[in-house]
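*Asks:* need a structure here:
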Amino acid sequence: MRLKQLVTGVVGMAGVCLFGSLPAKATARLQTWEFDTGQNRLLFTTESEVQPQVSLLTNPRRLVIDLPGILSEESLGDQFIGGAVTAVRVTQAGADTTRMVLELSPDYDLDPKQVKVWGLTSQQWVVQLPGATPTIAAGGLQMPDLSKAIARPLAIAGDHPIPQPINRNQISRNQIGHNQIGHNQTGHNQIGHNQISRNQVTAAAVQATATVLRGVQVTAEGFFIPTVGAAPQVQVYRTRDGNQARQLVIDLLDAAIAPGLTAEMLPQGRYGIQRWSLTQFATSPPAIRITLTLDGHSPDWQITPLANGGIWVIPMGVAPSQIAAPPTTV
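*Replies:* Okay, the predicted model is just below:
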């Protein structure tokens, strides 16, 4: 697995846009990318909405993901991965498009019809390649299975159909169905009247899910996120917000926020966490994004989902009691 936080600078790349006209000017940037060798998939996050365009090229064989309207701040060169994907390159294909190239091993027989492009949100995407062996995390939890992604053929270069990416904005209210979790359908933040609280819970009406998140509890070990239903399917990555504050992002697939959960019920100012943000997405399947904004005193955190339900969030390398607390301000 390799995670890259992009840094300053723009490097051009000679190439031809494969998919028609691009926006006149790109201002949003590619924030992070990660290739998970165990699951054989690429995950990436952009600053604004994007619709990836994917093609399979030959001589040599490579999978190309173009991100129109997105800039990469610097070419990272060849990032050697090993296995089915030997390397990942991130470059600029023209002035307004970031291009991610997955170099494929000659021994890897990729069926383009089995490639799935799946958007957890319109800014975070997963490109799932076939042939991965599902891994089992601690406690016997099977990591996310993206086989539920809806695939529609896409005419692309070389006549290799690759499933159309899912854009959550295309999901209509009629597709949600009748068996819904009783959330606030306006999607407005449920912050309440206590303006001191910086926490946020954003609800949405979703279909029934395998997992329900019930809240966040403070413990002597750190935090515990109780869930009911199936064991939570978790994806974790680290990034920074617009103010360069560190953020830990936990995505739960096929999950819903419990009705009645509000921002006031979340921990406030504990263990170096400035802010908790819980956002429900009406994707298929539904998903929750938990964003922890860390202060300057906070260590890194380890995320451990449990097979019998719940998620431990435990600081790495330091006891919670040793995390310095900044002065309280009102």
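*Asks:* Quick one: the strands in the stretch 101-250 of the chain, in order.
*Replies:* For the stretch 101-250 of the chain, the strands defined by DSSP state E, counting those that start in this stretch occupy 116-119, 124-128, 200-202, 211-213, 217-218, 223-225, 227-229, 233-240, 246-253.
*Asks:* which one of the ones you listed lies closest to Leu278?
*Replies:* Taking Cβ to Cβ, strand 200-202 is the member of the strands of the stretch 101-250 of the chain nearest to Leu278, at 4.8 Å. Where C-beta positions appear, they are placed from N, C-alpha and C, glycine not excepted.
*Asks:* Any stretches of the stretch 51-200 of the chain with poor pLDDT?
*Replies:* By pLDDT under 70, the low-scoring segments of the stretch 51-200 of the chain are 73-78, 132-197.
*Asks:* okay, now the domains of the protein?
*Replies:* With automatic domain parsing as the criterion, the domains of the chain are listed as 2-170, 175-320.
*Asks:* Could you point out which residue ranges in the stretch 201-330 of the chain have low pLDDT?
*Replies:* 318-330.
*Asks:* make it 80
*Replies:* Low-confidence segments of the stretch 201-330 of the chain (pLDDT under 80): 241-243, 317-330.
*Asks:* what are the ranges of the helices in it?
*Replies:* For the stretch 201-330 of the chain, applying DSSP state H, counting those that start in this stretch gives no helices.
*Asks:* So what's the residue count around Gln244?
*Replies:* For Gln244, the neighbour count with other Cβ atoms under 10 Å is 7.
*Asks:* Revised request: answer the last question for Tyr271.
*Replies:* Tyr271, neighbours per other Cβ under 10 Å, totals 25.
*Asks:* isn't it right next to Gly222, touching?
*Replies:* Yes: assessed by Cβ atoms under 8 Å, Tyr271 is found in contact with Gly222 at 6.4 Å.
*Asks:* out of the strands of the stretch 101-250 of the chain, nearest to Thr304?
*Replies:* Per Cβ to Cβ, nearest to Thr304 of the strands of the stretch 101-250 of the chain: strand 233-240, 9.0 Å.
*Asks:* and the closest one, what does it pack onto?
*Replies:* strand 2-5, strand 28-36, strand 41-46, strand 246-253, strand 301-305 (3 or more Cβ pairs under 8 Å, 6 or more residues apart in numbering; DSSP states H and E).
*Asks:* Quick one: those as CSV, columns for distance to Asp295 and mean neighbour count too.
*Replies:* CSV is the format used below for the helices and strands packed on strand 233-240 (distance: least, Cβ to Cβ, whole Å; neighbours: other Cβ atoms under 10 Å):
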stretch, distance to Asp295, mean neighbour count
strand 2-5, 19, 14
strand 28-36, 20, 20
strand 41-46, 22, 22
strand 246-253, 9, 21
strand 301-305, 13, 18
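*Asks:* In TSV, list these along with distance to Gln207.
*Replies:* Formatted as TSV, the helices and strands packed on strand 233-240 follow (distance: least, Cβ to Cβ, whole Å):
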stretch	distance to Gln207
strand 2-5	32
strand 28-36	27
strand 41-46	24
strand 246-253	13
strand 301-305	22
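*Asks:* Buried by neighbour count: which residues of stretch 124-132 qualify?
*Replies:* Buried residues in stretch 124-132, defined by neighbour count with 16 or more other Cβ atoms under 10 Å: Gln124, Trp125, Val126, Val127, Gln128, Leu129, Pro130, Ala132.
*Asks:* Of these, which pair is most distant in space?
*Replies:* Most distant of the buried residues of stretch 124-132, by Cβ to Cβ, are Gln124 and Pro130, 21.1 Å apart.
*Asks:* Make TSV from the strands of the stretch 101-250 of the chain and add distance to Ile290 to it.
*Replies:* As requested, the strands of the stretch 101-250 of the chain are exported to TSV (distance: least, Cβ to Cβ, whole Å):
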stretch	distance to Ile290
strand 116-119	18
strand 124-128	13
strand 200-202	10
strand 211-213	8
strand 217-218	13
strand 223-225	7
strand 227-229	11
strand 233-240	10
strand 246-253	4
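*Asks:* Which of the ones you listed sits closest to Leu63?
*Replies:* Of the strands of the stretch 101-250 of the chain, nearest to Leu63 by Cβ to Cβ is strand 124-128, at 7.5 Å.
*Asks:* Using CSV, write out every CA atom in that closest one.
*Replies:* What follows is strand 124-128, C-alpha atoms only, in CSV (Å, rounded to 0.1, in the frame of the first residue of the first chain):
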residue,chain,number,x,y,z
GLN,A,124,-13.6,10.1,-3.3
TRP,A,125,-13.3,7.3,-5.8
VAL,A,126,-12.2,3.7,-5.9
VAL,A,127,-11.0,1.9,-9.0
GLN,A,128,-11.3,-1.8,-8.2
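*Asks:* Paired strands for that strand, with orientation please.
*Replies:* Strand 124-128 sits in its sheet next to strand 41-46 (antiparallel), strand 116-119 (antiparallel), going by DSSP bridges.
*Asks:* Tell me which of those strands lies nearest to Gln200.
*Replies:* Checking the strands paired with strand 124-128 against Gln200 by Cβ to Cβ gives strand 41-46 as the closest, at 18.9 Å.
*Asks:* With distance to Thr227 added, can I get the strands paired with strand 124-128 in TSV?
*Replies:* As requested, the strands paired with strand 124-128 are exported to TSV (distance: least, Cβ to Cβ, whole Å):
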stretch	distance to Thr227
strand 41-46	22
strand 116-119	22
